[in-house]
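Chemist: Sequence first, then the predicted structure:
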Amino acid sequence: MEIIAVIGVIFVSICAMLSQLEVDYDPLIVDKSVVLARTQKQVFYYVADFHNHKKWIGGISKTEELDDSLMGEGKQFYQMVETPFVGETKQQLEILQYTPTSKLVYNSNMELLKPRMELEITPGNKPGQTRLTWKTYSRRRSYLFCMTILPVSKYFTNANLRTTLFNLRTLIH
């Protein structure tokens, strides 16, 4: 019985240490691209309109603006999101970077991952095509998170983003 207690103490100590040690970067969760048969301007303004998100991002049922300010850095939204195992949650989003026709970066306060989404819009290989690259990072940096939650979240987020970009391509292609 004493050996089990010693192992338990060692395990808890290691977990506590790993939860306090952090990597010096925001870990990448997912990085995917899609080519769309629309101009950069059309793609940017469609994906930057958060009221459109429920049409192509699974699980979003409603978007509300927190204020009447123009779209840009600092603008905040609430989105009602259906989360597996949890149900519907209200997530707050904040625009960090808004560069019309080329880049949109925003944070979500989703508790588990604390994600930062970066959407980069660039010209496609052919005229009239646009490449949308979506990267999601976590603002959680602990080694414990990186060794436990991150690998699982990569799997589920990758599948979700694949479906999201397929929906977007089907909708505006």
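Modeler: Perfect, thanks for sending it.
Chemist: Least confident secondary structure element in the protein?
Modeler: helix 2-20 (a mean of 72; mean pLDDT, DSSP states H and E).
Chemist: following that helix, which helix or strand comes up?
Modeler: strand 28-36 (DSSP states H and E).
Chemist: what about that following strand, average pLDDT?
Modeler: The average pLDDT within strand 28-36 is 96.
Chemist: Determine the set of other helices and strands touching the biggest strand by length in the chain.
Modeler: Secondary structure assigned by DSSP state E gives strand 87-99 as the longest strand of the chain. Packing partners of strand 87-99 (3 or more CB pairs under 8 Å, 6 or more residues apart in numbering; DSSP states H and E): strand 76-83, strand 103-108. All C-beta spots, glycine's among them, are computed from the backbone N, C-alpha and C.
Chemist: Go through those and name the closest to Leu66.
Modeler: When those are compared by CB to CB, strand 76-83 sits nearest Leu66, at 4.1 Å.
Chemist: partners of the closest one, with directions?
Modeler: Strand 76-83 has the following strand partners under DSSP bridges: strand 60-65 (antiparallel), strand 87-99 (antiparallel).
Chemist: What residues sit buried inside that strand?
Modeler: 76-79, 81 (16 or more other CB atoms under 10 Å).
Chemist: what's the answer for stretch 132-146, then?
Modeler: 132, 134-138, 140, 142, 144-146.
Chemist: same deal with stretch 61-72?
Modeler: Thr63.
Chemist: before we move on, back to that, Throw the strands paired with strand 76-83 into JSON lines and include distance to Asn52 and mean pLDDT, thanks.
Modeler: Output for the strands paired with strand 76-83, formatted as JSON lines (distance: least, CB to CB, whole Å; pLDDT from 0 to 100):
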{"stretch": "strand 60-65", "distance to Asn52": "9", "mean pLDDT": "94"}
{"stretch": "strand 87-99", "distance to Asn52": "14", "mean pLDDT": "95"}
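Chemist: just flag whichever of the helices and strands packed on strand 87-99 has the lowest average confidence.
Modeler: Among the helices and strands packed on strand 87-99, strand 76-83 has the lowest mean pLDDT, at a mean of 92.
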